[in-house]
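[1] Could you look at this predicted model? Sequence included:
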Amino acid sequence: MFVQPVPTLCRHGDGVLILDQTALPYRQAWVELQDVAGAAHAIRSMQVRGAPLIGATAAFGVALALKEAADDDTLEAALRLLGATRPTAVNLHWALARMAARLRPLPPAQRREAAWAEAEAICADDAATCQAIGEHGLALLRQASGRPGRTLTVMTHCNAGWLATLGAGTALAPVYAAQAAGLPVHVLVSETRPRNQGLLTAWELREAGVPHTLIADNAAGLLLARGEVDLVITGADRIAANGDTANKVGTYLKALAARAADVPFYIAAPYSTLDFACADGAAIPIEHRGAGEVSSLRGLDENGQERTLQLAPADTAALNPAFDLTPAALITAIITERGAIAPQELASRYTDRAAPEAA
Ligand SMILES: CSC[C@@H](O)[C@@H](O)C(=O)COP(=O)(O)O
C-alpha cells in the first residue's frame, strides 16, 4: 500500500490537521482546523485542493461542526456551508451526501462520534480507491511501455497525485504503481497556470523520488506532436453520464493535442467522480475564480522570500475559469477503482450509479 510521504490531512484530537497547500512548494506548513468555518475557509482558499481531498475535508468539517451541538439545524447549516465552498468537484457533494445519509437518521447524542468515524472511513476508502486506480492504470502503462527497460513518458496536468487525495492520488497513482513495480517512468508536468498546481506535482514527485520535468503549459502541443509522449493521464473533478469530463483548465487543450498526435489520453478518478445527474458536460458547473489569480504570480525572490508579483496592471480585465470540459470523444478511457472503461460505455455498464443526493 502506498504511504504518503507527507500526510495531507489527519484527525488531531478534536481538530483536524491539514498540510497547507498554499505554502507549497516553498515550505511545509500545517494548519489546525477547529471548526466548520475553518474547514470551509480551507477548501475555498485552496489550502486543501483536489477533488478527493476536498471531499474528505468537508466530511471532517461536518464532524467539527457537531462538536458544540449536534441538532438538526447545526447539521443542516454545516452541510449547506460546506456544500457552497467550491462548485465543480462533485466529490465534495458526494462526501457531504454520505455524511448526511449516515448522520440524519441518528439521534443528536450519537452524531458526534459517528461523524468522526464516517469522515475517517471516507479517508480510508479513498486510500484504497487510489491504490486500485494505480493497479488498473499500471496495466495500461505496461502495455504502452513496449520493450522491457524502456522509460515511459507520461504527461499530466494540474495535481492529481497524493497531495490531492488521502492515498497515492488518481492520475499519478499508476505512476507510483509503476515505480513500485520497477517500470521506468518519466513524468512531464505542465505548470498549470494560473494556480500552478504543476509545481505541487513536481514537488510531490520529487518527495516520492519519481523522475520528472516541469514544462510550460504551452509546450505540451509541441512535445506531443513530436512523439515525445507515450500517454497523457489527468484527474477529473466531475464526469458526466456521457463521459464528458470537467478537470483543471488546460486539460481540454492537452486532450486535443493528444488526439491530433494519436497519443492515448486517460482520465483517472474515483467512481464517486461520476455524476449521472449531469447528462453531459454542459450541465457541469464551472468555477470562476478571481481575476487576481491570472494577473499575478507567486514565487520566491532572489533572497528566497515568498513574494506575489503583479504581472498586469491591477485594472486589467482578466477571466479565470478554473476548469474546462473535455468531450468524451477525446478520452481513450476512464480509469476508476473498477477498471478502465471507454467513456461511451459508462452509462450502460455502470447502471448502479445513481445521481448523488443533494446534501
Ligand atoms: C485527484 S484530483 C483531480 C482534480 O481535482 C484535479 O485534477 C484538479 O483539477 C484540481 O483542481 P484544484 O482547483 O486544484 O482543486
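    That came through fine.

[2] got the residue ranges for the helices in the stretch 201-350 of the chain?
    Here the stretch 201-350 of the chain has its helices, by DSSP state H, counting those that start in this stretch, at 220-225, 251-260, 292-295, 346-349.

[3] tell me the contacts of the residue nearest to Ala322 when sequence neighbours are not counted?
    Leaving out its chain neighbours, the residue that sits closest to Ala322 by C-beta to C-beta, 6 or more residues apart in numbering is Glu287, at 4.4 Å. From N, CA and C alone the C-beta is placed, and that goes for glycine too. Contacts for Glu287 (C-beta atoms under 8 Å, 6 or more residues apart in numbering) come out as Arg86, Pro87, Thr88, Pro321, Ala322, Phe323.

[4] Give me the number of neighbouring residues for the first one.
    Spelled out, that is Arg86. A total of 23 residues lie near Arg86 under the criterion other C-beta atoms under 10 Å.

[5] Would you check that it makes contact with Leu92?
    Yes. Contact criterion C-beta atoms under 8 Å: Arg86 and Leu92 qualify, at 6.2 Å.

[6] Now do the shared contacts for those two.
    Common neighbours of Arg86 and Leu92, using C-beta under 8 Å, 6+ apart, are Ile43, Ile54.

[7] I'd like the distance between the residue nearest to Ala322 and the ligand.
    Computed as C-beta to the nearest ligand atom, to the nearest Å, the Glu287 to the ligand distance reads 7 Å.

[8] What of Glu345?
    Computed as C-beta to the nearest ligand atom, the Glu345 to the ligand distance reads 21 Å.

[9] show me the contacts for that residue.
    Glu345 makes no contacts at all, as judged by C-beta under 8 Å, 6+ apart.

[10] Could you report the neighbour count for the residue in the stretch 251-359 of the chain positioned nearest to the ligand?
    Per C-beta to the nearest ligand atom, Ala322 is where the stretch 251-359 of the chain lies closest to the ligand, at 5.4 Å. By other C-beta under 10 Å, 19 other residues sit near Ala322.

[11] what residues are up against it?
    Residues in contact with Ala322 (C-beta under 8 Å, 6+ apart) are Thr88, Arg195, Lys248, Val249, Ile286, Glu287, His288, Arg289.

[12] need the contact list for the last one.
    Remark: with contacts taken as C-beta under 8 Å, 6+ apart, Arg289 is in contact with Asn320, Ala322.

[13] what sits up against stretch 79-88?
    Contacts of stretch 79-88 (C-beta under 8 Å, 6+ apart): 36-37, 39-40, 43-44, 54, 58, 61-62, 65, 92-93, 96, 99-100, 237-238, 246, 284-287, 322-323, 359.

[14] and Pro148, how many neighbours does it have?
    Neighbourhood size, Pro148 [other C-beta under 10 Å]: 8.

[15] so it sits in a helix?
    No. Going by DSSP: H, G, I helix; E, B strand; the rest coil, the assignment for Pro148 is coil, not a helix.

[16] any idea how far Ala181 is from it?
    Pro148 is 12 Å from Ala181, where distance means C-beta to C-beta, to the nearest Å.

[17] Please apply the same query to Thr74.
    From Thr74 across to Ala181, the span is 47 Å (C-beta to C-beta).

[18] So the two - more neighbours on which side?
    Here Thr74 and Ala181 are compared on neighbour count by other C-beta under 10 Å; more neighbours surround Thr74, at 18 against 13.

[19] Is it correct that the more buried one is in contact with Lys67?
    No. The criterion here is C-beta under 8 Å, and Thr74 misses it with Lys67 at 9.6 Å.

[20] Give me the common contacts of the two.
    What both Thr74 and Lys67 touch, as defined by C-beta under 8 Å, 6+ apart, is an empty set.

[21] Flag every residue of this structure that's near the ligand.
    49-52, 89, 158, 160, 164-165, 169-170, 197, 234-237, 247-248, 322 (C-beta under 6 Å from any ligand atom).

[22] picking that back up, mean neighbour count, mean pLDDT and distance to Ile267 added to the helices of the stretch 201-350 of the chain, as TSV?
    Output for the helices of the stretch 201-350 of the chain, formatted as TSV (neighbours: other C-beta atoms under 10 Å; pLDDT from 0 to 100; distance: least, C-beta to C-beta, whole Å):
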stretch	mean neighbour count	mean pLDDT	distance to Ile267
helix 220-225	17	98	16
helix 251-260	21	98	9
helix 292-295	17	96	24
helix 346-349	14	94	11
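
[23] Right, I'll call it a day here.
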